[in-house]
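Visitor: Provide a 3D model corresponding to the input given below.
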Amino acid sequence: MVNIFATSADMRKGRILYDALADKYWQQREEQYKSLQTAMKPFIEVLYRYDQGAVLDVGCGVGTSSKILSENDCLTTGIDLSRNMVKYAEKFAPKAKIRQRNFLERQLDPKYDAISMISFFHLFDLNEINRVLTQTRQLLPPGGTLFIVTPFSEISRSERLPKLDYNTTQTRYRHMWSQADLESLLNSNILIVENQYVLSGVRQKRWLHTIARHTPYQ
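Guide: Residues are numbered from 1 along each chain as shown. Reported below is the predicted structural model:
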C-alpha cells in the first residue's frame with residue numbers, strides 16, 4: 001500500500017514493483033481487511049468525535065483501508081501510484097473515490113478533514129519527509145487528523161532491503177521510526193501526537209500506529 005519512494009528512481013522502481021505485486025496483495029485482501037478493522041478503530045473513533053468525514057487515504061493499495069473508511073460513512077478518496085493497485089481498489093472499495101495519484105506531485109483537493117497513511121510514511125528518507133509533512137499540513141485544516149501506520153522499531157534507522165514476504169528480491173528503501181522519534185518529528189511540524197499504539201498485523205509484523213492533529217495556533 002504505497003506510492004512514493006525515497007528518490008525519483010526509487011519511485012519508478014516502486015511503481016513497477018507494486019504493479020507486479022498487486023495480484024498478491026489482492027489475494028491477501030480479506031486477511032488485511034480484517035487486521036485493519038481492529039487497527040483503524042481508534043482513528044475512526046476520532047473521526048466520529050470531531051465530525052471529520054472527508055478522508056484522504058494515501059497509498060491505498062488494493063483498497064482495504066479505503067473500504068473500511070467508506071463503510072464507516074467517510075467520504076473517502078484513495079490514491080496510489082500503482083495502476084494495478086488502483087484497479088483492484090476500485091473493485092474492493094466501490095464506495096470510495098479511487099485515483100492514481102502521486103501525493104507530492106499532483107494537485108489534490110485543497111482540504112480534507114483527515115489523512116490516512118498506512119504503510120507509506122517509512123518509504124521516505126529524511127530529506128524527502130519534510131516535503132511529505134509540508135503537503136500534509138497544506139491539505140489538512142486546523143484540527144485535522146493525521147493517521148500514520150509504520151513498521152515498529154525500537155530505534156530509528158534507514159535500510160534498503162528486498163520485500164521477502166512477497167517473494168521478491170528487488171530492494172526498496174525504508175526509514176524505520178522509533179515511537180519517540182516519530183512523535184518528536186510530528187510535534188515539531190505542528191502535527192501534535194494524541195495517541196500511539198503498537199499492534200501485530202498480518203504475518204505477525206508489529207506496527208506503530210500514530211494519531212496526530214494539525215494544531216497551527218498553539
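
Visitor: check which element follows the helix or strand of the chain with the lowest mean pLDDT along the chain.
Guide: Using mean pLDDT, DSSP states H and E, helix 8-27 stands out as the lowest-scoring helix or strand of the chain, at a mean of 77. Next in sequence after helix 8-27, counting helices and strands by DSSP states H and E, comes helix 29-39.

Visitor: what helices or strands is that following helix leaning on?
Guide: Applying 3 or more Cβ pairs under 8 Å, 6 or more residues apart in numbering; DSSP states H and E, one finds that helix 29-39 contacts helix 64-71. Every residue, glycine included, has its C-beta placed from N, CA and C.

Visitor: so where's the protein shaky on pLDDT?
Guide: 1-14, 106, 162-171, 218 (pLDDT under 70).

Visitor: please identify the helix or strand for Asp57.
Guide: strand 54-58.

Visitor: just the CA trace of that strand, in CSV.
Guide: C-alpha atoms of strand 54-58 as CSV (Å, rounded to 0.1, in the frame of the first residue of the first chain):
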residue,chain,number,x,y,z
ALA,A,54,-13.7,13.7,4.3
VAL,A,55,-10.6,11.5,4.4
LEU,A,56,-7.6,11.2,2.0
ASP,A,57,-6.2,7.6,2.1
VAL,A,58,-2.7,7.9,0.8
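
Visitor: center of the chain, which residue is that?
Guide: Centre of the chain computed as the mean C-alpha position; nearest residue by Cα atoms, centre = their mean is Met117, 1.9 Å away.

Visitor: ok and the host helix or strand of it relative to helix 29-39, angle-wise?
Guide: Counting by DSSP H and E, the element that carries Met117 is strand 114-118. Orientation of strand 114-118 against helix 29-39 (axes from the mean of the first three to the mean of the last three Cα atoms, to 10 degrees) gives an angle of 130 degrees.

Visitor: which is the next helix or strand following strand 114-118?
Guide: Immediately after strand 114-118, counting by DSSP H and E, sits helix 129-139.

Visitor: give the next helix or strand downstream of that next one.
Guide: strand 145-151.

Visitor: now find how far off-centre that following strand is within its chain.
Guide: 6 Å (Cα atoms, centre = their mean, to the nearest Å).

Visitor: elements contacting the helix or strand in which Leu186 is found?
Guide: Following DSSP H and E, one finds Leu186 within helix 179-188. Secondary-structure packing of helix 179-188 (3+ Cβ pairs under 8 Å, 6+ apart): helix 129-139, strand 145-151, strand 191-200, strand 206-214.
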